[in-house]
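Enquirer: Need the 3D shape of this:
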Amino acid sequence: MRMGRVLALVAAGLAVCMVMIETARAVDNVEQIVSVEGVDAVFIGPADLAITYGMPVAPAPVPGVHADAIEAVRQAASQRLPATMLPDHFILVADLPLTSSSKVDERRLLTDAGLSPPSKAPEPSASPQLSLMEIDSLVKGTTR
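Expert: Numbering: from 1, shown residues only. As a prediction, the model looks like this:
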């Protein structure tokens, strides 16, 4: 797919730009990274981040420099991104629980992690949705 088409999908709200922060250098530059126009979300790679600090692999925050770095990323990102795009939990799971249709069972995942699933479904989005023909046109770079 050509870059112009990718940008069209992002502009139409059909794709997001998610950056990964997984090195000490990225933590040092996180404010500039999250300030880039078009960045929609931040993913923190705690295991790789630990390695760059000379620590063993750590899939969740380890008190000290590692946890401090993760908090610095959260703080910088919170100045620019919506709260829904910031990680607030690290949950270690051996296996993802699946539904009968082989999709991740999010309710069971939360329950198994000791968290409460939402009590009701979220309200439908008020934003307009594109028709399949409009999406196809954006992907193919054609006009109708």
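Enquirer: Which helix or which strand is home to Val42?
Expert: strand 41-44 (DSSP states H and E).
Enquirer: Packing partners of the following helix or strand past that strand?
Expert: The element immediately downstream of strand 41-44 (helix or strand, assigned by DSSP H and E) is helix 46-52. Packing partners of helix 46-52 (3 or more C-beta pairs under 8 Å, 6 or more residues apart in numbering; DSSP states H and E): helix 24-28, helix 65-78. Where C-beta positions appear, they are placed from N, C-alpha and C, glycine not excepted.
Enquirer: Compare these and say which comes out lowest on pLDDT.
Expert: Of all these, the minimum mean pLDDT falls on helix 65-78 (a mean of 91).
Enquirer: Can I get whichever helix or strand comes after it as PDB, trimmed to CA atoms?
Expert: On the C-terminal side of helix 65-78, the nearest following helix or strand under DSSP H and E is helix 106-112. Output of helix 106-112 as PDB, limited to C-alpha atoms (Å, rounded to 0.1, in the frame of the first residue of the first chain):
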ATOM      1  CA  GLU A 106     -12.200  -9.800  27.400                       C
ATOM      2  CA  ARG A 107     -14.500 -10.300  30.300                       C
ATOM      3  CA  ARG A 108     -12.800 -13.500  31.500                       C
ATOM      4  CA  LEU A 109      -9.400 -11.900  30.900                       C
ATOM      5  CA  LEU A 110     -10.300  -9.000  33.200                       C
ATOM      6  CA  THR A 111     -11.900 -11.300  35.800                       C
ATOM      7  CA  ASP A 112      -8.900 -13.700  35.800                       C
END
